[in-house]
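Q: coordinates only, sequence not included:
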Ligand SMILES: C=C(O[C@@H]1C=C(C(=O)O)C=C[C@H]1O)C(=O)O
């Protein structure tokens, strides 16, 4: 008998380790995992390399054959710590913003907050090479996401946490990434995923140990349990509706170098 192994795409950041742990340890779900930065997860789903994926929330409206599944997400109800705008000066005086090429959601969230909350209209550029952060000119700011943010904490005079700023602006929590499945996927599979994710979140500490994050200079367990909020509740759904409906679309230019 031929067994079809489902392929699941997920983000390769510290904040997904409870999910990865659950998928690896919860008995029933045998799946092949494709781990990559967020923007590549959306691409893997769009190109049919996976039928289930954890994708940036900003990509969901453009994925026609996708539906949101499971009660989980990568979200935050206060400061998220790993999605920040860094600058040597206050954000109101920024003229160029360099955007982490790994991100889809945070790029649009930065665009939303700069336009609506801070009411500035800087020029936007993509940032593929993080060496750019060492060559800031006056008026420059950088959007950085994921674990690498820990290495830059305290290195810029100004750091704006985008989940905290979104909350200030809207009174709502936020969801950066959500689980989607291609319409028509076997419901046993999405149910199995839901169980695996629950198991993983209940074993966050074991996940930290298994993947060696207890040996990092930062408190990985504190970050996963206090900054990240995995529950995709009504408030986060409402936040995404507002975010999707805002009509703001940042199209960064190539980096001028
Ligand atoms: C909170 C985070 O959210 C990530 C940010 C994303 C984006 O900007 O497109 C996508 C997935 C999330 O995993 C993070 O990883 O730091």
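A: That came in fine, so what should we check first? Everything numeric in this text was worked out from a predicted model, so none of it was measured.

Q: For the protein, what lies in contact range of the ligand?
A: Proximity of the chain to the ligand is confined to 11, 13, 15, 38, 56, 74, 80, 82-83, 103-106, 145-146, 176-177 under the rule CB under 6 Å from any ligand atom. In short, each C-beta sits where N, CA and C put it, glycine included.

Q: Determine the longest helix present in this protein.
A: Ranked by residue count and defined by DSSP state H, the top helix of the chain is helix 187-202.

Q: hang on, the earlier thing: now intersect the residues of the chain next to the ligand with the helices, please.
A: 38, 105-106.

Q: pLDDT added to those residues, as CSV?
A: As requested, those are exported to CSV (pLDDT from 0 to 100):
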residue, pLDDT
38, 94
105, 97
106, 98
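
Q: Which residues does the longest helix of the chain contact?
A: 6, 8, 17-23, 25-26, 28-29, 52, 69-72, 179, 181, 207, 230 (CB atoms under 8 Å, 6 or more residues apart in numbering).

Q: Can you tell me which of these are buried?
A: Neighbour counting by 16 or more other CB atoms under 10 Å classes 6, 8, 17-23, 26, 29, 52, 69-70, 72, 179, 181, 207, 230 among the contacts of helix 187-202 as buried.

Q: so how far is residue 221 from the most centrally placed residue in the chain?
A: By CA atoms, centre = their mean, the chain has its centre lying nearest to residue 176, at 4.3 Å. Distance, residue 176 to residue 221, by CB to CB, to the nearest Å: 20 Å.

Q: In contact with the nearest residue to residue 217 once chain neighbours are set aside, which residues?
A: Excluding the flanking residues, the one nearest residue 217 by CB to CB, 6 or more residues apart in numbering is residue 150, at 7.7 Å. Residues in contact with residue 150 (CB under 8 Å, 6+ apart) are 82, 216-218.

Q: how close does residue 150 get to residue 84?
A: Distance from residue 150 to residue 84, by CB to CB: 11 Å.

Q: How is the nearest residue to residue 204 once chain neighbours are set aside assigned, secondary-structure-wise?
A: With CB to CB, 6+ apart as the criterion, residue 204 has its nearest non-adjacent residue at 4.7 Å, and that residue is residue 18. At residue 18 the chain is in helix, as set by DSSP: H, G, I helix; E, B strand; the rest coil.

Q: Go ahead and confirm residue 18 touches residue 224.
A: Yes - with contact defined as CB atoms under 8 Å, residue 18 counts as touching residue 224 (6.6 Å).

Q: Mutual contacts of these two, please.
A: Joint contacts of residue 18 and residue 224 (CB under 8 Å, 6+ apart) are 204, 207.

Q: Thanks again, I'm all set now.
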